[in-house]
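J.: Just to be clear, the model below is a prediction. Sequence and coordinates:
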Amino acid sequence: MELSEELKQYLPVLLLGILAVVFSAGMLIGSVLLGKKGRRSKIKDTAYECGMLPAGGGGSRLSIKFYLVAMLFILFDIEVVFLYPWAVVYRDMLADQAGLILGAMLTFLGVLLVGYIYAVKKEAFDWKH
């Protein structure tokens, strides 16, 4: 059975994936078989934090405003990612459909601006209040 040309291009990726799985499994199995076996005390299993004994809960609570700002950052960051493909094809499409591509991007940026102004008016970026 002959592989098609398209599938032959993925053969090195498949081999690399298999090699990674075999290497990882080999290291894990090797460390279990060859590693030192000894008794572990409770003090050795505690978390080490700069020589201080860990006290209190692991995760402190943060204000909901912090998460709101983080989500807004992700939202605007993802929207900026949509600018890259537009910038790549802008010059090619400029000759054919100049008004369409510019109008689409200005509309997109307008929606972004309205969202940003709304977030500023609602003081969503200020998590101190």
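T.: Structure received.

J.: Mean confidence (pLDDT) on the biggest helix by length in the chain, please.
T.: Looking across the chain with DSSP state H, the single longest helix is helix 83-121. Mean pLDDT, helix 83-121: 85.

J.: measure the spatially most central residue of the chain to residue 68 for me?
T.: By Cα atoms, centre = their mean, the chain has its centre lying nearest to residue 74, at 9.8 Å. Remark: distance between residue 74 and residue 68 (Cβ to Cβ, to the nearest Å) = 11 Å. Yep, even glycine has a C-beta here, placed from its N, CA and C like the rest.

J.: Counting neighbours, what do you get for residue 126?
T.: If you count neighbours by other Cβ atoms under 10 Å, residue 126 ends up with 10.

J.: That one: what's it in contact with?
T.: By Cβ atoms under 8 Å, 6 or more residues apart in numbering, the contact list for residue 126 reads residue 65.

J.: Looks to me like it is in a helix.
T.: No: counting by DSSP: H, G, I helix; E, B strand; the rest coil, one finds residue 126 to be coil, located in no helix.

J.: buried ones in the longest helix of the chain?
T.: Using 16 or more other Cβ atoms under 10 Å as the test for burial, helix 83-121 gives 101, 112, 119.
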